[in-house]
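# no sequence for this one, just the structure:
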């Protein structure tokens, strides 16, 4: 009889500990990181450059326009890349291969120029005292755009 009571009490205690742990994890659960995607970048830009109401509206307009341009260019570039790699099956089309490669390079150039112009538009809306903050924003934006090339991945697995 004593063993049965011990098992009942142990089972109830373990159940209470599990419920307490689940409750703790649900209550203390954090949301997604603040700089997730473009929305985080827009909020971060507002905070970094201390934008006024008008500047903020212009910034959002510029950001939306730039996002649409980049999406369109990326879509076209993916389409051209597919066409380029499809040429592997048709090795006799060397001239077409060069044309497709030129188109891919042209799209990449347009993406770079679009981003440069985007930075110029943003800088044009700022007051002189915000230029230092703009440099900080540009640095963070480039880390975001270039996917932080300084980050080192894990070492290769040994076989």
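Right, received. Where do you want to start? Bear in mind that the values here come from a model prediction, so they are computed numbers and not experimental data. Numbers count the residues shown, from 1 in each chain.
# Scan the helices and strands of this protein for the one with the lowest mean pLDDT.
Taking mean pLDDT, DSSP states H and E as the measure, the chain has helix 37-49 as its least confident helix or strand, at a mean of 73.
# and the following helix or strand past that one, how far from the chain's centre?
From helix 37-49 onward toward the C-terminus, using DSSP states H and E, the following helix or strand is helix 53-86. Relative to the chain's own centre, helix 53-86 is displaced by 13 Å; criterion: Cα atoms, centre = their mean, to the nearest Å.
# mind listing what's buried in helix 53-86?
Of the residues in helix 53-86, 55-56, 58-59, 62-63, 66, 69-70, 73, 77, 80, 84 count as buried by neighbour count, 16 or more other Cβ atoms under 10 Å. Using the backbone N, CA and C atoms, a C-beta is placed for each residue, glycine as well.
# for stretch 100-118, same thing?
Buried, per 16+ other Cβ under 10 Å, within stretch 100-118: 100, 103-104, 107, 110-111, 115, 118.
# Which other helices and strands does the helix or strand containing residue 10 contact?
In the assignment (DSSP H and E), residue 10 maps to helix 2-27. If contacts are counted by 3 or more Cβ pairs under 8 Å, 6 or more residues apart in numbering; DSSP states H and E, helix 2-27 sits against no helix or strand.
# quick one: that helix to chain centroid distance?
That offset, for helix 2-27, works out to 42 Å (Cα atoms, centre = their mean).
# any idea how far residue 90 is from residue 96?
8 Å (Cβ to Cβ, to the nearest Å).
# sorry, that was for residue 142
39 Å.
# follow-up on the earlier one: of the buried residues of helix 53-86, which is the nearest to residue 158?
Distance to residue 158 across the buried residues of helix 53-86 (Cβ to Cβ) is lowest for residue 84, with 35.2 Å.
# my read: the closest one touches residue 107, true?
No: the criterion here is Cβ atoms under 8 Å, and residue 84 misses it with residue 107 at 11.5 Å.
# Domain map for this structure?
1-30, 37-145 (automatic domain parsing).
# low-confidence ranges in the chain?
31-40, 91-95, 148-155, 159 (pLDDT under 70).
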